[in-house]
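> quick one, structure for this:
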Amino acid sequence: MRVVFVHGACVRDGAWWRHRTAELLAERGIGSRSPALPSCGETGIAAGGAGLAEDVAAVRAALGGEEPIVLVAHSYGGIVTAEAAAGIDAVRHLVLVSSYLPEIGQSLGDFGGEAPAPFLDVDPVAGTFGVRPDLLVQTFLQDCGPDIRASGADHLARQSVQVIGQGVAAAAWHQVPTTYLVCTQDRGTPVDRQHEFARRADRVVELDTGHHPFLSQPAAMRDLLLDL
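Just a heads-up that it's a prediction; the model follows:
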């Protein structure tokens, strides 16, 4: 099999966010990749100029071929994969990590509160939002090592606000076996909300980790993926 990781909101360079887990998978002969998301300004399009449709197209382009795929979606990535994985026979399993399983027509905004989370900075003029660098470690990387904490801010990105209100046109998790990973020490997506979101999944697994288990507990993530 191969693993495709779809990163969350307000970051770039998915290869970095998954690198510790990817290295362990590679030792077992499992290849992986992380498609760049246009709404995060990763493909040469200004972040404010791309939305969910462009992200979906980028992920679908990474799902070609006949080799079985485990599609791992982190946070906002679950919105993208719900549509991107639809009708792709090679996708054999979805893994949602502290993420969302939207029904057709639901958007990222349907899973949040009325006001932006305190760790987010929204620029309505530029049409972008991002994670406040001063709150990155304590909110998302508190259980990671010092090298990861020191480097995390270098991989943040401003993202188009368009993705917040754009609904998905498909819900692949209805057709593809789905595992939801609850991150019990996550300070960005509270665990009670994760359990609420996870009700739609076929299987729920808990891990005592923060928002980025690919970085904080790579061996556990490797084992989870190999056991599917």
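> ok, the residue nearest the centre of the chain - contacts?
In the chain, the centroid-proximal residue (Cα atoms, centre = their mean) is H74; its distance is 2.1 Å. Applying Cβ atoms under 8 Å, 6 or more residues apart in numbering to H74 gives the contacts F5, V6, H7, G8, W17, V97, S98, S99, H212, F214. C-beta: built from backbone N, CA, C; applies to glycine.
> try it again with 10 Å
Residues near H74 by Cβ atoms under 10 Å, 6 or more residues apart in numbering: 5-9, 11, 14, 17-18, 34, 81, 95-99, 181, 183, 211-214.
> surely D223 forms part of a helix?
Yes: counting by DSSP: H, G, I helix; E, B strand; the rest coil, D223 is part of a helix.
> L181 is in contact with that one, correct?
No: using Cβ atoms under 10 Å, D223 is not in contact with L181, being 11.8 Å away.
> those two: which is more packed in?
For the pair D223 and L181, the greater number of neighbours falls to L181 (24 against 11), based on other Cβ atoms under 10 Å.
> show the average pLDDT along stretch 37-49.
Averaged over stretch 37-49, pLDDT sits at 78.
> quote the end-to-end distance of that stretch.
Using Cα to Cα, to the nearest Å, the end-to-end distance of stretch 37-49 comes out at 12 Å.
> same thing with stretch 73-87?
Across stretch 73-87, first to last residue, Cα to Cα, it's 17 Å.
> I'd say Q217 and D143 touch.
Yes: Q217 lies in contact with D143 (Cβ under 10 Å); the separation is 8.1 Å.
> mutual contacts of these two, please.
Shared contacts of Q217 and D143, counting by Cβ under 10 Å, 6+ apart, come down to C183, D208, T209, G210.
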